[in-house]
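Trainee: Need the 3D shape of this:
(chains A, B, C and D)
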There are 2 protein chains.
Amino acid sequence: MAPTPLPTTRPTRADAARNYDLLVTAARQTFAEHGTDTSLEEIARRAGVGIGTLYRRFPNRTALLEAVYVDEIQSVCDRAYDFDRELPPFEALAAWLRSFVGYGLSKKTLAVELMEALGKDSAFFKTCKANVVEAGQLLLDKAKATGEVRAELKLEDVMRLVGGINMARDTEPEQAMRLLDIVLCGLRPAASGPRPATD
Amino acid sequence: MAPTPLPTTRPTRADAARNYDLLVTAARQTFAEHGTDTSLEEIARRAGVGIGTLYRRFPNRTALLEAVYVDEIQSVCDRAYDFDRELPPFEALAAWLRSFVGYGLSKKTLAVELMEALGKDSAFFKTCKANVVEAGQLLLDKAKATGEVRAELKLEDVMRLVGGINMARDTEPEQAMRLLDIVLCGLRPAASGPRPATD
DNA sequence: CACCATACGGAGGCCCCCTCCGCTTTGCAA
DNA sequence: TTGCAAAGCGGAGGGGGCCTCCGTATGGTG
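Mentor: Reported below is the predicted structural model:
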């Protein structure tokens, strides 16, 4: 259902594969606990692996983040299709964006990095972005079709706005949802024709 | 016009005062050119001052940022009162937020740090926040009074949303303004009564 | 002018990033 | 089973940033 499978480069040799898993697991835990600027040496230590091994497999911090993100991004995409199946158009979009923000709240720094990453141009992040965009576009278009979202809005704008909600360091969950509600209001067409002149 | 003057701790002794200025100037330049994660040693070097001097005056990176931000924040506040004087309520609010975003576009990393900083709890940032909030609240309340902004909205939410627009690394100016327009639409009351039920 | 509170500056300890290379392991083929 | 090359391992070490500490210098006051 999700379009392109995300590229992973898990090695084939037994020891290498084992270490790969150890590293990704350790990285996921450590990033979640201490943010994405944890020392890579710390991660190697946690994984019980030499620092050289880490750097051979993941030439830089970003490469490691990529491996950690694969699953998260996949699940973001999957949820879009779930909501599309189960809810009427606008609610599906709203629910997806809400789950997006909720995810961000629980994984703070991961989500921040993710939002920044979606603007980057590595092959990996291109694919990620394509997948997310494909899922989001589906929901947005359906919501537009029922007239509940203004036709001229772009998915990219919506995503950025919602992403921005996640960026601030210490947003409370209730606040984040309020912010999202403001954005959702902004997506709707002015219910009674054009908005009042503002000039 | 701006409420509390922002606290600066420029030293009194002649040599110390001179070095203080050299450091702040160098920091402002360097942060603008290379982002706020430039090495502090580099800044000391540019200022022609020992690293020890920098650290004595500014015990950490944040302290240095504070000194650099003072002027910027002051001008953000000042503009609010200008717009309040010159424009009708909603337009004043819109113009202020627009200038806020515009400022962010030109100073990227500075603005990002600033938005994060406004959530922090140092005495300095508390004062900054108070000033910005006082200015923004004025504009928001006036816009509410004319019914052009929904009464239940909080300034903090608006600021966060607008701040979020600045957070993404590589937003185009036109896009940023589009995003802001979406937010502005979200601030307005649904023109024809309550928004459609969304379950 | 003399004195001392205040300020200067850079060496050094610590940690992190990343590279390089000699040793070890794996898995295939005979 | 055994031998062996390719693949993988890991940590020492160079480079650099953060921050502290302390011996030296200096402004400004009596």
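
Trainee: What's the local residue count around A:S122?
Mentor: Other residues within reach of A:S122 by the criterion other CB atoms under 10 Å in any protein chain shown amount to 12. Where C-beta positions appear, they are placed from N, C-alpha and C, glycine not excepted.

Trainee: Please apply the same query to A:G164.
Mentor: A:G164 has 25 neighbours, counted by other CB under 10 Å.

Trainee: Low-confidence ranges, chain A, go.
Mentor: A:1-7, A:105, A:108-110, A:114-121, A:169, A:191-199 (pLDDT under 70).

Trainee: can you rerun that using 90?
Mentor: A:1-10, A:12, A:31-37, A:60-63, A:65-78, A:100-132, A:160, A:163-173, A:190-199 (pLDDT under 90).

Trainee: Contact residues of it facing DNA strand C?
Mentor: Taking CB under 7 Å from any atom of the strand as the measure of proximity, chain A contacts DNA strand C at A:13-15, A:39-42, A:51-52, A:55-56, A:59-61.

Trainee: State the distance from whatever residue of chain A ends up closest to chain B to DNA strand C.
Mentor: Going by CB to the nearest CB, chain B is nearest to A:G164 of chain A, at 2.4 Å. Relative to DNA strand C, A:G164 is positioned 27 Å away (CB to the nearest atom of the strand, to the nearest Å).

Trainee: Excluding covalently adjacent residues, which one is nearest to that residue?
Mentor: Residue nearest to A:G164 in three dimensions, not counting chain neighbours: B:G164, with 2.4 Å by CB to CB, 6 or more residues apart in numbering or on different chains.

Trainee: cool, A:G48 as well?
Mentor: A:L22 (6.6 Å).

Trainee: Number of residues surrounding that neighbour?
Mentor: 18.

Trainee: Contact partners for it?
Mentor: With contacts defined as CB atoms under 8 Å, 6 or more residues apart in numbering or on different chains, A:L22 is in contact with A:A47, A:G48, A:V49.

Trainee: okay but the first one is in contact with A:Y20, surely?
Mentor: No. Shown here, A:A47 and A:Y20 do not form a contact pair, counting by CB atoms under 8 Å, at 9.6 Å.

Trainee: and the one helix or strand A:D84 maps to, what does it pack onto?
Mentor: Per DSSP states H and E, A:D84 falls inside helix A:61-86. The contact analysis (3 or more CB pairs under 8 Å, 6 or more residues apart in numbering or on different chains; DSSP states H and E) places helix A:61-86 against helix A:14-34, helix A:40-47, helix A:89-117, helix A:123-145.

Trainee: Which among those is found nearest to DNA strand D?
Mentor: The closest of these to DNA strand D is helix A:14-34. By CB to the nearest atom of the strand, the value is 3.6 Å.

Trainee: buried set for the closest one?
Mentor: A:N19, A:Y20, A:L22, A:L23, A:V24, A:A26, A:A27, A:R28, A:T30, A:F31, A:A32 (16 or more other CB atoms under 10 Å in any protein chain shown).

Trainee: How about stretch A:122-137?
Mentor: Buried, per 16+ other CB under 10 Å, within stretch A:122-137: A:F124, A:F125, A:T127, A:C128, A:K129, A:N131, A:V132, A:V133, A:E134, A:A135, A:G136.

Trainee: could I get the helices and strands packed on helix A:61-86 as JSON lines with distance to B:L179?
Mentor: Below are those laid out as JSON lines (distance: least, CB to CB, whole Å):
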{"stretch": "helix A:14-34", "distance to B:L179": "28"}
{"stretch": "helix A:40-47", "distance to B:L179": "34"}
{"stretch": "helix A:89-117", "distance to B:L179": "13"}
{"stretch": "helix A:123-145", "distance to B:L179": "15"}
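
Trainee: So A:D170: helix, strand or coil?
Mentor: coil (DSSP: H, G, I helix; E, B strand; the rest coil).

Trainee: how near is it to DNA strand C?
Mentor: 24 Å.

Trainee: And for that residue, the neighbour number?
Mentor: Counted by other CB under 10 Å, the residues lying close to A:D170 total 10.

Trainee: How about A:C185?
Mentor: A:C185 has 19 nearby residues by other CB under 10 Å.

Trainee: That one against B:A190, yeah?
Mentor: Yes. In this structure, A:C185 is within contact of B:A190 by CB under 8 Å, at 7.3 Å.
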